[in-house]
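[1] fold the following.
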Amino acid sequence: QVQLVESGGGLVQAGDSLTLSCAASGRNFNAYNIAWFRQAPGNERDLVARITSGFNTFYGISVKGRFTISRDNAKVTVALQMNSLKPEDTALYYCAAGDILPGLRRYEYNYWGRGTQVTVSS
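    The predicted model follows:
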């Protein structure tokens, strides 16, 4: 079992940067794929970025080139560096852990945090 807690959200202006952090506790963190999803009001919860246990990364097309996902197994954390933020990046951002590949769908993740809000003003 893995517990996940997100932090780092806030209100920023378009063009700013923000780094989200996901702190994990529990067993076998190293073995899990970790992903960031986001959900805006009225929208589906969509994949933002994923990093596998083997450090392979994947990015949603809307964030590719602007966001970077990384993990530190020693510190049991996963970070999402977000640059050149846009108003359409406004959403509740969730961290998730799972052990099914390729790890691009919500159903492949068993454990979820409660989310951290990111709001980007124009």
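[2] so where's this structure shaky on pLDDT?
    Applying pLDDT under 70 to the chain flags no residue at all.
[3] once you drop chain neighbours, what's closest to S17?
    Spatial nearest neighbour of S17, excluding adjacent residues (Cβ to Cβ, 6 or more residues apart in numbering): N83 at 4.7 Å. Any C-beta I mention is one placed from the backbone N, CA and C, and that applies to glycine too.
[4] show me the contacts for the one you found.
    Contacts for N83 (Cβ atoms under 8 Å, 6 or more residues apart in numbering) come out as 17, 66-68.
[5] do R45 as well
    By Cβ under 8 Å, 6+ apart, R45 lies in contact with 37-39, 94, 106.
[6] ok, now D16?
    If you count contacts by Cβ under 8 Å, 6+ apart, D16 has them with 85, 120.
[7] so the spatially most central residue of the chain is in which element?
    Nearest to the mean C-alpha position of the chain, by Cα atoms, centre = their mean, lies W36 at 2.0 Å. Assigned by DSSP states H and E, W36 belongs to strand 33-39.
[8] packing partners for that strand?
    Strand 33-39 is packed against strand 18-26, strand 46-51, strand 67-72, strand 77-82, strand 91-98, with contacts defined by 3 or more Cβ pairs under 8 Å, 6 or more residues apart in numbering; DSSP states H and E.
[9] if we can go back for a sec, who wins for most neighbours among the contacts of R45?
    When neighbours are taken as other Cβ atoms under 10 Å, the top entry among those is R38 (25 neighbours).
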